[in-house]
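Participant: Whatever this is, show me its structure:
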Amino acid sequence: MSILIFRDELPEVTRTMPQIQLTWRYGYGFLEGECRSAINAVGLEPSAGFLHEFSAYQTKQSLVYDLEEPFRWLIDTSVLKLSSQEH
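Facilitator: Next up, the predicted model:
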């Protein structure tokens with residue numbers, strides 16, 4: 001399976017990134033969305049994180065980042081597996 005990312009549809013800063021980095025960004029973005037959905041579905045307070053501090057430069061939803069951490073390895077493994085299959 002291959003993820004198609006059309007470079008001409010991306011902002012200028014991401015057009016020069018390697019394909020594997022774009023795939024990682026896509027995977028982490030997907031994971032973040034799933035964590036946000038799960039938090040909203042059960043009615044938790046998204047700013048009540050444990051590992052990540054409440055900070056002004058983030059979206060102030062520390063719990064989303066906390067819930068991502070245990071699952072980041074799934075994205076890493078999947079991206080590396082996809083990368084090794086392409087060569």
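Participant: count of neighbours near Ser62?
Facilitator: 20 (other C-beta atoms under 10 Å). Placement of C-beta: from N, CA and C, glycine included.
Participant: Let me know whether it touches Glu45 as I believe.
Facilitator: No: judged on C-beta atoms under 8 Å, Ser62 makes no contact with Glu45 at a distance of 9.7 Å.
Participant: excluding its backbone neighbours, what's nearest the residue nearest the centre of the chain?
Facilitator: The centroid of the chain falls nearest to Tyr28 when counting by C-alpha atoms, centre = their mean (1.4 Å). Closest residue in space to Tyr28, ignoring its immediate chain neighbours: Ile75 at 5.9 Å, by C-beta to C-beta, 6 or more residues apart in numbering.
Participant: Dump the host helix or strand of the one you found to PDB, restricted to CA.
Facilitator: Ile75 belongs to helix 72-86 when assigned by DSSP states H and E. Extracted in PDB, the C-alpha atoms of helix 72-86 (Å, rounded to 0.1, in the frame of the first residue of the first chain):
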ATOM      1  CA  ARG A  72       3.100   6.900  18.100                       C
ATOM      2  CA  TRP A  73       5.100   3.700  17.600                       C
ATOM      3  CA  LEU A  74       2.300   2.400  15.400                       C
ATOM      4  CA  ILE A  75       2.800   5.400  13.000                       C
ATOM      5  CA  ASP A  76       6.600   5.000  13.200                       C
ATOM      6  CA  THR A  77       6.400   1.200  12.400                       C
ATOM      7  CA  SER A  78       3.900   1.700   9.600                       C
ATOM      8  CA  VAL A  79       5.900   4.500   7.900                       C
ATOM      9  CA  LEU A  80       9.100   2.500   8.200                       C
ATOM     10  CA  LYS A  81       7.500  -0.600   6.800                       C
ATOM     11  CA  LEU A  82       6.000   1.400   3.900                       C
ATOM     12  CA  SER A  83       9.400   3.000   3.300                       C
ATOM     13  CA  SER A  84      11.200  -0.400   3.200                       C
ATOM     14  CA  GLN A  85       8.600  -1.900   0.800                       C
ATOM     15  CA  GLU A  86       9.100   0.900  -1.800                       C
END
